[in-house]
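Undergrad: Return atomic coordinates for the entry below.
(one chain, ligands or ions: 1)
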Amino acid sequence: MTSLNGATVAITGGTGSFGSTMARRLLDLDAAQVNIFSRDESKQDEMRSAFDDPRLRFFLGDVRDQDSIENAFVGVDFVFHAAALKQVPSCEFFPDQAVKTNVEGSRNVINVAHNLGIRSVVCLSTDKAVYPINAMGMSKALMEKSAQAFARNNPGSPTTVSITRYGNVMYSRGSVIPLFVRQLREGKPLTLTEGAMTRFLMSLEESVALVEHAFFHAEPGDLFVKKAPACTVDTLARATAKVFGIDEPQIVKIGMRHGEKMYETLLASEEMLKATDQGDYYRVPLDARSLQYSVYIEEGDTSAPEAEDYDSNNTEQMTVEQAAAMISSLPEISRVIAEIKK
Ligand SMILES: O=c1ccn([C@@H]2O[C@H](COP(=O)(O)OP(=O)(O)O[C@H]3O[C@H](CO)[C@@H](O)[C@H](O)[C@H]3O)[C@@H](O)[C@H]2O)c(=O)[nH]1
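TA: Numbering: from 1, shown residues only. Below is the predicted model of the structure:
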């Protein structure tokens with residue numbers, strides 16, 4: 001199989017922002033069947049009626065429960081694993097829950113895929129997994145490690161496990177752009193945590209293309225990172241206001257939230273050293289050195305070269321105009337503007 005045409009694909013967390021965008025893309029690519037696996041029956045119901053496509057199948061379950069995963073994975077060729085606890089504050093308050101879903105749940109997904117001989121599993125990760133300071137990022141970092149350890153320890157597996165790591169996806173559920181839009185519509189000031197904070201910005205549509213690439217081209221344990229521009233939160237607030245014709249928005253400063261960083265890193269300098277530049281993204285191959293204890297201790301990497309990391313401060317920085325152009329191209333923004341005009 002060299003394309004997704006005619007393929008059966010399972011998406012864990014399939015009702016989320018990423019999962020449902022991927023589902024739409026797969027249907028457009030003529031996938032034979034797309035299995036949506038998630039916990040929330042009402043979101044499944046909404047998605048069922050919004051898509052109205054018999055190729056979508058819905059499976060209730062939880063990545064913490066292997067039996068429920070198996071149900072959804074029988075006959076599947078590819079898995080996109082997007083199910084996660086991803087809110088920084090909730091993981092901060094309930095870190096053990098983040099471990100159960102993001103670490104143990106991911107391991108279950110990989111194990112079931114391996115047992116069923118599924119061709120490829122792509123695990124969704126985040127820049128918050130790099131030099132993590134909050135429980136969400138730490139649990140995602142462990143998910144990445146466990147995916148890589150699977151690849152290292154199971155060279156004969158029929159299943160290629162890889163990782164795609166992204167920065168902030170614009171307009172994803174619960175994120176800051178829809179919040180700014182709501183505040184603008186209600187005539188309220190924009191709440192700014194810390195104006196100088198920077199974030200990578202990318203759209204869901206461009207992000208899912210990398211998952212497709214990983215399905216077909218990943219070597220076991222590969223990590224793919226989508227390159228993206230960034231901007232400060234102040235620029236982001238002004239750009240969102242500009243899209244609605246407001247040049248000087250009212251802004252209140254609320255201060256940094258629990259577990260936040262001033263900037264995010266998509267690739268650590270150590271990863272950057274091994275990365276190959278593939279145009280729109282970087283590929284970091286698995287470090288497949290034997291972890292046999294003496295080799296690990298006595299034969300480190302002697303080259304000790306230097307590299308910079310790839311972070312939201314040293315990537316391309318957008319101006320208000322550039323960020324506004326990016327925001328106004330989002331389908332959600334067109335919908336809001338059409339609603340306002342009604
Ligand atoms: O009222 C607010 C809320 C947020 N921010 C700032 O806006 C930026 C983006 O915030 P948000 O959209 O909440 O995203 P993050 O907290 O950066 O996390 C998102 O982006 C990650 C990828 O980096 C994903 O993994 C997470 O699931 C997702 O919530 C941050 O600098 C916030 O400090 C404000 O200025 N005002």
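Undergrad: drop to CA atoms for contacts and neighbour counts, all remaining ones
TA: OK.
Undergrad: residues from the stretch 1-150 of the chain in reach of the ligand?
TA: Contact residues (C-alpha under 6 Å from any ligand atom) of the stretch 1-150 of the chain with the ligand: 86-87, 126-128.
Undergrad: Any chance of a PyMOL selection covering the buried ones in the residues you listed?
TA: Selection command for PyMOL covering only the buried members of these, criterion 16 or more other C-alpha atoms under 10 Å:
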select buried, resi 86+126+127+128
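Undergrad: between the residues of the stretch 1-150 of the chain next to the ligand, which is nearest residue 337?
TA: Nearest to residue 337 among these is residue 87, at 27.6 Å by C-alpha to C-alpha.
Undergrad: Against residue 214, how distant is the closest one?
TA: Between residue 87 and residue 214 the computed distance is 25 Å (C-alpha to C-alpha, to the nearest Å).
Undergrad: And stretch 162-181, what's buried?
TA: Neighbour count says stretch 162-181 has 162-171, 176-178, 180-181 buried, by 16+ other C-alpha under 10 Å.
Undergrad: Show me the residues you listed that map onto helices.
TA: Judged by DSSP state H, those include 176-178, 180-181 as members of helices.
Undergrad: Those residues into TSV, with extra columns for pLDDT and distance to residue 313?
TA: What follows is these, written out as TSV (pLDDT from 0 to 100; distance: C-alpha to C-alpha, whole Å):
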residue	pLDDT	distance to residue 313
176	95	19
177	97	20
178	96	23
180	98	22
181	97	25
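Undergrad: all strands of the stretch 51-200 of the chain, in order?
TA: Under the criterion DSSP state E, counting those that start in this stretch, strands of the stretch 51-200 of the chain are mapped to 56-60, 78-81, 120-126, 160-166, 168-169, 190-192, 198-202.
Undergrad: Tell me which of these lies nearest to residue 223.
TA: Nearest of the strands of the stretch 51-200 of the chain to residue 223, taken as C-alpha to C-alpha: strand 160-166 at 4.7 Å.
Undergrad: Who does that closest one pair with, and is each partner parallel or antiparallel?
TA: Its sheet considered, strand 160-166 pairs with strand 120-126 (parallel), strand 223-226 (parallel) by DSSP bridges.
Undergrad: hmm, back to that, looking at the residues of the stretch 1-150 of the chain next to the ligand, spot the one nearest residue 275.
TA: Residue 275 has its nearest neighbour among those in residue 127, at 15.6 Å by C-alpha to C-alpha.
Undergrad: For that closest one, which non-adjacent residue is closest in space?
TA: residue 266 (4.7 Å; C-alpha to C-alpha, 6 or more residues apart in numbering).
Undergrad: correct me, but the one you found touches residue 313?
TA: No - counting by C-alpha atoms under 8 Å, residue 266 does not reach residue 313; the two are 10.8 Å apart.
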